[in-house]
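# Could you work out the structure for the sequence below:
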Amino acid sequence: MGKNIIIIGQHSNGETTPATLETVACARAIQNHSDASLKILISGHGSLPAARQLSTETGIDTLMVTDENTGAVQSEIFNALPSAFYFDLDPIYICLPHNSFGMEIAPGLAMKLSACCISAVEKIIFKGDRLCFQRKTFNDKIVANMISVSAITVVTVQSGAFKPVKLDLKEKGNVRVVAPLFPKRKSRHLGILPSKQDLSGLAEAEVVVSAGNGIGKEENLNLIHTLAGLFPKSAVAGSRPVCDRKWLPYDRQVGATGATVKPKLYVACGISGASQHLAGMRNSKFIVSINTDPRAAIFQTSDVCIIEDLVPFISEFINAHQKSL
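Numbering: from 1, shown residues only. Below is the predicted model of the structure:
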């Protein structure tokens, strides 16, 4: 039996998440530099439609892991799987999305398998004769090329870094249901409460003006709202520090732990560009960033970079717009 690259997939209401398809794209990039085969694992109640979708769209054999505790969340099932289950799959790489789902599984899984864990991978490159995993470090100002020296490597894939490619498949993958023996648990799952957050405004907006730590104080949000008001079909959003300070509600947060947006125009005001934030907006069609730091990581992803104090700049921009009317 040959080595395998394992993709741990995620689904929502029976449908494959976009992050899972991006993880498949990363796994294919790794496969280009190895002779390993691809396999997908998916779990949780109602996962059969997602398993079929994945096997059909990717052509990859998919294992659906079932558990007698039908209410168990997906990450709980993967965390409860004994190490022998993973070793039987003969993995060389295990790939997961870099979101709350993947980050809940990856570190513990690496410990369980005595594996290396490389998180937030954005690119796969071949350097010399070694496979390198590229990711950002030092507040995203430095790009690091990391090499694993372990027999097994657990990788989390940064959102938006790998674009899924639709292949012209002649055959779809097979779906197989497996029911491993789980160890006795010390907790009981009581269910999931749906979020009260309403992200529809951000999802439908064609222009998103987002406030970051660099706005300085809550009063400056008035400028952000005024700037957004200049554009039709616009919405105001923020980075996590702004929402943590309660200057904006959490349903306005853009990032790995917030909303993912793809507007025609994204205006980042005082946002440094941490990878967690980039994960939520990097697929915007056109990105304009305003920041006083010429080395801000956000500039690496932006189409237009404005190195100015955002308060006087936005004020001048608003005044110029009003004079042109």
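
# When you work out contacts or count neighbours from here on, use the C-alpha atoms and nothing else.
Will do.

# Excluding covalently adjacent residues, which one is nearest to the residue nearest the centre of the chain?
Note on the chain: the residue nearest the mean C-alpha position is residue 159, at 2.9 Å, using Cα atoms, centre = their mean. Distance criterion Cα to Cα, 6 or more residues apart in numbering; nearest residue to residue 159, sequence neighbours excluded, is residue 279 at 4.9 Å.

# mind listing what the one you found touches?
By Cα atoms under 8 Å, 6 or more residues apart in numbering, the contact set of residue 279 is 158, 159, 160, 255, 256, 260.

# Select from those residues the one having the most neighbours.
residue 159 (29 neighbours; other Cα atoms under 10 Å).

# what stretches of the stretch 101-250 of the chain score poorly on pLDDT?
Low-confidence segments of the stretch 101-250 of the chain (pLDDT under 70): 185-187, 189, 191-200.

# quick one: the strands in it?
For the stretch 101-250 of the chain, the strands defined by DSSP state E, counting those that start in this stretch occupy 116-121, 123-127, 130-137, 142-146, 153-157, 175-178, 207-211, 234-238.

# Just the buried positions in stretch 76-88, please.
77, 78, 80, 81, 82, 86 (16 or more other Cα atoms under 10 Å).

# ditto for stretch 132-145
Buried residues in stretch 132-145 (16+ other Cα under 10 Å): 132, 133, 134, 135, 136, 140, 141, 145.

# I'd like to know how far the fourth one sits from residue 114.
Looking back up the chat, that one is residue 135. 22 Å (Cα to Cα, to the nearest Å).

# thinking again about what came up before, farthest pair within the contacts of residue 279?
Using Cα to Cα, the pair of those lying farthest apart is 158 and 260, separated by 12.7 Å.

# what about residue 96, which helix or strand?
For residue 96, the enclosing helix or strand under DSSP states H and E is strand 91-97.

# by contact count, what packs against that strand?
Contacts defined by 3 or more Cα pairs under 8 Å, 6 or more residues apart in numbering; DSSP states H and E place strand 91-97 against strand 4-8, helix 18-31, helix 100-113, strand 153-157.

# re earlier: want to throw the strands of the stretch 101-250 of the chain into a markdown table with distance to residue 51?
Formatted as a markdown table, the strands of the stretch 101-250 of the chain follow (distance: least, Cα to Cα, whole Å):
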| stretch | distance to residue 51 |
| --- | --- |
| strand 116-121 | 25 |
| strand 123-127 | 26 |
| strand 130-137 | 28 |
| strand 142-146 | 32 |
| strand 153-157 | 20 |
| strand 175-178 | 7 |
| strand 207-211 | 34 |
| strand 234-238 | 34 |
